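**Student:** next one to model:
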Amino acid sequence: MNIQRAARETGLTPDTIRYYERRGVLPPPVRSKNGYRDYSEPHLASLRLARGLRELELPLDQVALIVRVAHDAFCGDVRRALEVSVRETLVQIDERIEQLQRTRTRLRAIRTGIRSMAPESERVPGITPCACVRLVGGAAR
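**Tutor:** Residues are numbered from 1 along each chain as shown. Predicted coordinates for the structure are as follows:
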């Protein structure tokens, strides 16, 4: 089947499929006489697996590894590769959540500071930053 149909069947865009091929996430399909890609059912299975793993936010290099293992190894190998990738991704997500929570706390403090300021307070352009700038810069914590 051609790339348009493969895209429809997998929920990916043709550009994403081409990108996955370039990055080695899936093996390149055979080419027909006219040079068009000819995707088989195993390619679609690989693309669906890759899509599902990316939806879980696994990095593309880990997705490529798991897709290769899924087609070249046994189920136990896939489980082990998936376990490692999921564990690493969870650590990264937890770190991002912590960073977002710190950012949210800081933004709330800035908003509170801005709301409590008089419109013209501490306004000396070019010499001393106003309280808004100090809040964002972290000086008025």
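**Student:** in contact with the residue most central in space within the chain, which residues are there?
**Tutor:** Centroid-nearest residue in the chain: Glu57, 5.1 Å away (criterion: CA atoms, centre = their mean). By CB atoms under 8 Å, 6 or more residues apart in numbering, the residues touching Glu57 are 89, 92-93. Glycine gets a C-beta too; all of them are placed from N, C-alpha and C.
**Student:** do Leu135 as well
**Tutor:** Leu135 neighbours (CB under 8 Å, 6+ apart): 109-110, 113-114.
**Student:** over to Val30?
**Tutor:** 37-38, 40.
**Student:** low-confidence bits of this structure, can you list those?
**Tutor:** In the predicted model, the chain carries pLDDT under 70 at residues 73, 117-131, 133, 138-141.
**Student:** hey, where'd the strands end up in it?
**Tutor:** Remark: strands assigned in the chain by DSSP state E are 30-31, 37-38.
**Student:** tell me which residues of stretch 89-100 are tucked away?
**Tutor:** Thr89 (16 or more other CB atoms under 10 Å).
**Student:** run through who's touching it.
**Tutor:** Here stretch 89-100 has contacts from 56-59, 62, using CB under 8 Å, 6+ apart.
**Student:** need those residues in TSV (columns: distance to Ala81).
**Tutor:** Formatted as TSV, these follow (distance: CB to CB, whole Å):
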residue	distance to Ala81
Leu56	13
Glu57	16
Leu58	10
Pro59	13
Gln62	8
